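1. my questions concern the predicted model and sequence given below.
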Amino acid sequence: MIELTQLWYRYPDHTPALRGINLTVAAGEKVALLGVNGAGKSTLLLHLNGTLHPERGTVVVNGTPVTKQTVRQVRAMVGLVFQNPDDQLFSATVGDDVAFGPQYMGLPPADVTQRVHQALVAVGMQGFEQRPPHRLSLGQRKRVALATVLAMQPAILALDEPSAGLDPRARRELIELLHALPQTMIIATHDLDLVADLAPRAIVMADGQIVADEATTTLLADQHRLYEFGLR
Ligand SMILES: Nc1ncnc2c1ncn2[C@@H]1O[C@H](COP(=O)(O)OP(=O)(O)OP(=O)(O)O)[C@@H](O)[C@H]1O
């Protein structure tokens, strides 16, 4: 479902962020992406939906190479949820924000309405259609941000720090919600409890490289390596 081959990326200011990433994720897998601040997790996620394009190497999602020409197609397959929901929500109402993706896909209005309803039900935010997103709590805004992506019915979800800033109950609800979703998931996070609950496979990045890729239970049982990777 996701295939990254020899992926290299430097930001325009020449900061190296990805250095030879090779990664394959099968359909239906839920994979955690771990690593200290600046390891390259967000940069990797931004390559999955064509927000960034590699300097060298290839990104293939669901059989489609991610290029400037395929971005529209790729965006319908890969739902990227940013760490900060305020980077994702920009409309006057929750309903308009969730409708944006299906409209961008060119769906007829009746289908858009149905997608909006289904996505808001999935995240437990039905009835909030007319509310301004900026007046919602952080946990609610995070749910709506996820709904904006679910409304496109993507095969892949790329989630950046989905539990950051949530209270314990909102966090628990989010984990249950993500558990129930069938999508292939890649989740960048510092939340090892979420990883233990949700992702059977853990990938650790450091300095733009993958330094571990193994069963989450194996990694979390190894205090020495957790410490070495800066994951306490
Ligand atoms: N827009 C940018 N311009 C220049 N350098 C950037 C930019 N965004 C990120 N970087 C740099 O790229 C490297 C990888 O950053 P990235 O945000 O991918 O790490 P991360 O693992 O997601 O970190 P965090 O856990 O803090 O979110 C870091 O050195 C970072 O400073």
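-> Structure's in. What do you need?
2. quick check: residues of the chain near the ligand?
-> When proximity is defined by Cβ under 6 Å from any ligand atom, the chain lies next to the ligand at 11, 13, 15, 17, 35, 37-43, 188. C-beta coordinates here come from the backbone N, C-alpha and C atoms, glycine included.
3. the residues you listed: which two are farthest apart?
-> Asp13 and Ala188 (21.7 Å; Cβ to Cβ).
4. please name every helix or strand in contact with the helix or strand bottoming out on mean pLDDT in the chain.
-> Sorted by mean pLDDT, DSSP states H and E, the helices and strands of the chain end with helix 168-180, the least confident at a mean of 90. Helix 168-180 sits against helix 138-150, helix 192-198, with contacts defined as 3 or more Cβ pairs under 8 Å, 6 or more residues apart in numbering; DSSP states H and E.
5. residues in contact with the helix or strand that comes right after the shortest one?
-> It refers to helix 192-198. Scanning forward in sequence from helix 192-198 by DSSP states H and E, the next helix or strand is strand 201-206. The contact list for strand 201-206 (Cβ atoms under 8 Å, 6 or more residues apart in numbering) reads 23, 29-36, 39-41, 44, 195, 210-216, 219-220, 229-231.
6. equivalent analysis for stretch 107-121, please.
-> With contacts defined as Cβ under 8 Å, 6+ apart, stretch 107-121 is touched by 94-95, 98-99, 101-103, 126-129, 144, 147-148, 150-153.
7. now do the SS call for the closest residue to Arg232 other than its chain neighbours.
-> The shortest distance from Arg232 to any non-neighbouring residue, by Cβ to Cβ, 6 or more residues apart in numbering, is to Leu226 (6.3 Å). Of the three states, Leu226 takes helix according to DSSP: H, G, I helix; E, B strand; the rest coil.
8. what's the neighbour count on Leu226?
-> When neighbours are counted by other Cβ atoms under 10 Å, Leu226 registers 16.
9. quick revisit: next, format the helices and strands packed on helix 168-180 as TSV and append mean pLDDT and mean neighbour count.
-> Shown next, in TSV, are those (pLDDT from 0 to 100; neighbours: other Cβ atoms under 10 Å):
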stretch	mean pLDDT	mean neighbour count
helix 138-150	94	24
helix 192-198	94	19
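10. now render these as TSV, adding distance to Pro168.
-> Shown next, in TSV, are the helices and strands packed on helix 168-180 (distance: least, Cβ to Cβ, whole Å):
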stretch	distance to Pro168
helix 138-150	11
helix 192-198	10
